[in-house]
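K.L.:
pasting a predicted model and its sequence here:
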Amino acid sequence: MWRATRKKFPPGPSEVLKRWSFGPLNNNPLEYFTGIAREYGDIAGLRILNFKTIFINHPDLIEEVLVTNARLYSKGRVLRANRHVFGEGLLTSEGDFWLRQRRLTQPAFHRARIASYAGTMVEYTQRMMNGWRSGEERDVHGEMLRLTLQIVGKTLFDADVERDAQEVGKSLELLLEIGANFRRTIFVPHWLPTPANLRVKREVAQIERIIYRIIGERRASGRDAGDLLSMLLAAQDEDGSRMTDKQLRDETITLFLAGHETTASTLSWTWWLLAQNPAAEAKLHAELDAALGDRAPTLDDLPKLVYTGQVITESLRLYPAAWGLARLAVEDHEIAGYPVTKGMGVTMAQWVVHRDPRWYDAPEEFRPERWENDLLKRLPRFAYFPFGGGPRQCIGNTFALMEATLILATIARTFRLRLVANHPVVPLASITLRPRHGVRVTFEARQEKEAVRFSSGQQSAVAD
Ligand code: HEM
């Protein structure tokens, strides 16, 4: 089904090296990978110093790597290089240890369990909005980061991290910014006392202080809050041993990081896209007004919020928070006839596949309605994969989709977000894809605006 550009590939990865060095990868990885796909098609080899990687760009090949032959791979270099941050948490651990931890964690993400988080998601969003005033200007990305961090803290660890959110948020942001430098992440060992490494160490220590405090308080109280933290604390190995504080720290820091920045960025991109697409925004408002009237959304409203969901789906297509994935081969094998030797990398980019005109009409355009009539079912499975796939698929996908939909509905019901002129909104492809300088907006209370429009309409009708 797929077409490989064999004629350009055979001289081996080194041929590509001449054209693609680390410079462009570091400076603009989105353009870098888009360019490779355009020039080399569905499969290409890259070599950076002595590191070889195969870049694949067809849904069937991606399925082969993530699902069918998942056992032939471990996680890629960038995540491995960040082990000093994530430790042996779910995102980075491997093998039997990962499987055990995944099974332990899974119940916190079962559909029924997640449903019980809906109230917290809406309540925390309203609490945040209580501090907003119509006409006020803010960085909505900063707001989304603080909100999603508080929601993860409350739902999974029953911890109110409102007072910590600022500090943790700042530290996490710095870590992601430093992680955006692929050259440094991959080739500079984290123990070297470079200024960047020292900063990472400081920020990790800052987050650890808060996380160890949360763990310590729960251990001391012996309270079973029925949340993920209690489940992890109670978990026992066959030999009766329990998780150490270090293991708990690794899982907790992973979930805090993986579970808040991704959803926050998705929402920030959504606000940015909506503000530039008034027709989509109007359709969203119409759906929210019809479904909710003047009340906040609840879990039961979700089936009615079809367009709201499509807005999120489309936003994750154009600005996938996880914009690329990587794996390392653990044995020699072949992909589509090309030899992959042990230690070689395989890279794939949602950013590129999600904008491929073979799967999407007008791929660069924001069109939530494209998802009507079950487009997802008609596409190849990996033409849309914002949450990855196979055994290492995102554990938080249902959580994230519900959270993003509820937050979007709660806010858009009340406020319209207008972009502040001349503020640059630029994607930064770090481990996640986020707006480099945030998204500065002005809040506009919808009722107020609509009331003014309504009353001026009435007046003119009377005058006529
Ligand atoms: C829009 C939001 C999100 C996106 C786009 C996203 C995306 C992803 C992707 C693509 C992966 C797979 C990485 C790979 O295969 O190398 C992943 C893994 C993971 N995600 Fe998410 N994620 C989101 C939200 C969340 C949330 C809300 C949580 C938790 C509360 C979470 C926790 C995790 C964890 C723990 C893993 C590792 C799973 C494993 O390997 O077993 N994510 N995520």
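P.N.:
Done, it's in. Residues are numbered from 1 along each chain as shown.

K.L.:
which stretches of the stretch 301-450 of the chain have low pLDDT?
P.N.:
For the stretch 301-450 of the chain, applying pLDDT under 70 flags the ranges 448-450.

K.L.:
what does it put close to the ligand?
P.N.:
Listed as neighbours of the ligand in the stretch 301-450 of the chain under the rule Cβ under 6 Å from any ligand atom: Ala321, Ala322, Leu325, Pro386, Phe387, Gly388, Arg392, Cys394, Ile395, Gly396, Phe399, Ala400. C-betas here are computed from N, CA, C, even on glycine.

K.L.:
can you add neighbour count and secondary structure and give those residues back as JSON lines?
P.N.:
Putting these into JSON lines (neighbours: other Cβ atoms under 10 Å; DSSP: H, G, I helix; E, B strand; the rest coil) gives the following:
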{"residue": "Ala321", "neighbour count": "26", "secondary structure": "coil"}
{"residue": "Ala322", "neighbour count": "20", "secondary structure": "coil"}
{"residue": "Leu325", "neighbour count": "21", "secondary structure": "strand"}
{"residue": "Pro386", "neighbour count": "22", "secondary structure": "coil"}
{"residue": "Phe387", "neighbour count": "19", "secondary structure": "coil"}
{"residue": "Gly388", "neighbour count": "18", "secondary structure": "coil"}
{"residue": "Arg392", "neighbour count": "20", "secondary structure": "helix"}
{"residue": "Cys394", "neighbour count": "21", "secondary structure": "coil"}
{"residue": "Ile395", "neighbour count": "20", "secondary structure": "coil"}
{"residue": "Gly396", "neighbour count": "23", "secondary structure": "coil"}
{"residue": "Phe399", "neighbour count": "23", "secondary structure": "helix"}
{"residue": "Ala400", "neighbour count": "24", "secondary structure": "helix"}
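
K.L.:
got the end-to-end distance for stretch 221-230?
P.N.:
11 Å (Cα to Cα, to the nearest Å).

K.L.:
show me what it is in contact with.
P.N.:
Applying Cβ atoms under 8 Å, 6 or more residues apart in numbering, the contact partners of stretch 221-230 are 105, 108, 155-159, 214-215, 218, 234, 248, 252, 255.

K.L.:
where along the stretch 151-300 of the chain do the helices fall?
P.N.:
Assigned by DSSP state H, counting those that start in this stretch, the stretch 151-300 of the chain shows helices spanning 162-179, 182-187, 195-221, 228-234, 245-258, 261-276, 278-292.

K.L.:
check the contacts of stretch 221-230 and tell me the two furthest apart.
P.N.:
Thr155 and Ala234 (17.9 Å; Cβ to Cβ).

K.L.:
these two: which has the busier surroundings?
P.N.:
The neighbour comparison of Thr155 against Ala234 (other Cβ atoms under 10 Å) goes to Thr155, with 24 against 11.

K.L.:
out of the contacts of stretch 221-230, which are buried?
P.N.:
105, 108, 155-159, 214-215, 218, 248, 252, 255 (16 or more other Cβ atoms under 10 Å).

K.L.:
of the residues you listed, the lowest pLDDT goes to which?
P.N.:
In terms of pLDDT, the weakest of those is Ala159, which scores 81.

K.L.:
relative to Gly389, how far out is the residue in the chain positioned nearest to the ligand?
P.N.:
Across the chain, the shortest distance to the ligand (Cβ to the nearest ligand atom) belongs to Gly396, at 2.2 Å. Here the distance between Gly396 and Gly389 works out to 14 Å (Cβ to Cβ, to the nearest Å).

K.L.:
swap in Ser93?
P.N.:
Distance from Ser93 to Gly389, by Cβ to Cβ: 19 Å.

K.L.:
try Arg146
P.N.:
The value you get for Arg146 to Gly389, if Cβ to Cβ is used, is 30 Å.

K.L.:
just Val425 next, same as before
P.N.:
Val425 is 29 Å from Gly389, by Cβ to Cβ.

K.L.:
poorly predicted segments of the stretch 1-150 of the chain, please.
P.N.:
For the stretch 1-150 of the chain, applying pLDDT under 70 flags the ranges 1-27.

K.L.:
list the contacts of the residue most central in space within the chain.
P.N.:
Using Cα atoms, centre = their mean, the residue of the chain that lies closest to the mean C-alpha position is Thr262, 2.7 Å off. Contacts for Thr262 (Cβ under 8 Å, 6+ apart) come out as Ala321, Ala322, Gly396, Ala400, Thr432.

K.L.:
between those residues, which is nearest Thr53?
P.N.:
Ala322 (17.5 Å).

K.L.:
wouldn't Tyr384 be in contact with His354 here?
P.N.:
Yes. The criterion here is Cβ atoms under 8 Å, and Tyr384 meets it with His354 at 6.5 Å.

K.L.:
residues shared between the contacts of the two?
P.N.:
Looking at what touches both Tyr384 and His354 (by Cβ under 8 Å, 6+ apart), the common residues are Arg317.

K.L.:
ok so, going back, so which of the buried ones among the contacts of stretch 221-230 reach the ligand?
P.N.:
Within the set of these, contact with the ligand (Cβ under 6 Å from any ligand atom) is found for Leu255.

K.L.:
three-state assignment of His437?
P.N.:
The three-state label given to His437 by DSSP: H, G, I helix; E, B strand; the rest coil is coil.

K.L.:
excluding chain neighbours, what is closest to it?
P.N.:
Pro424 (5.7 Å; Cβ to Cβ, 6 or more residues apart in numbering).

K.L.:
over to Thr341?
P.N.:
Nearest non-adjacent residue to Thr341 (Cβ to Cβ, 6+ apart): Asp332, at 5.1 Å.

K.L.:
my read: Ala115 touches Leu299, true?
P.N.:
Yes. Ala115 is within contact range of Leu299, at 5.4 Å (criterion: Cβ under 8 Å).

K.L.:
overlap of the contact sets of the two?
P.N.:
Common neighbours of Ala115 and Leu299, using Cβ under 8 Å, 6+ apart, are Met402.

K.L.:
picking up where we left off before, lowest mean pLDDT across the helices of the stretch 151-300 of the chain, which one is that?
P.N.:
helix 182-187 (a mean of 62).

K.L.:
who's more crowded, Ser93 and Gly389?
P.N.:
Ser93 (22 against 17).

K.L.:
and the more buried one, how close does it get to Arg249?
P.N.:
For Ser93, the distance to Arg249 - Cβ to Cβ - is 13 Å.

K.L.:
count of neighbours near the nearest residue to Val152 once chain neighbours are set aside?
P.N.:
Excluding the flanking residues, the one nearest Val152 by Cβ to Cβ, 6+ apart is Gly259, at 4.4 Å. Look at Gly259: counted by other Cβ under 10 Å, it has 23 neighbours.

K.L.:
could you do Asp160 as well?
P.N.:
Number of residues near Asp160 (other Cβ under 10 Å) recorded here: 12.

K.L.:
Gly216 too?
P.N.:
Neighbours around Gly216, by other Cβ under 10 Å: 11.

K.L.:
pull the helix or strand in which Glu31 is found out as PDB, backbone CA atoms only.
P.N.:
In this assignment (DSSP states H and E), Glu31 forms part of helix 29-40. Taking C-alpha atoms only, helix 29-40 is exported to PDB below (Å, rounded to 0.1, in the frame of the first residue of the first chain):
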ATOM      1  CA  PRO A  29      12.600  20.100  13.800                       C
ATOM      2  CA  LEU A  30       9.100  20.500  12.400                       C
ATOM      3  CA  GLU A  31      10.400  21.900   9.200                       C
ATOM      4  CA  TYR A  32      13.300  19.500   9.200                       C
ATOM      5  CA  PHE A  33      11.000  16.400   9.200                       C
ATOM      6  CA  THR A  34       8.500  17.900   6.900                       C
ATOM      7  CA  GLY A  35      11.300  18.500   4.400                       C
ATOM      8  CA  ILE A  36      12.600  15.000   4.700                       C
ATOM      9  CA  ALA A  37       9.100  13.600   4.000                       C
ATOM     10  CA  ARG A  38       8.600  15.900   1.100                       C
ATOM     11  CA  GLU A  39      12.000  14.900  -0.500                       C
ATOM     12  CA  TYR A  40      12.300  11.200   0.500                       C
END
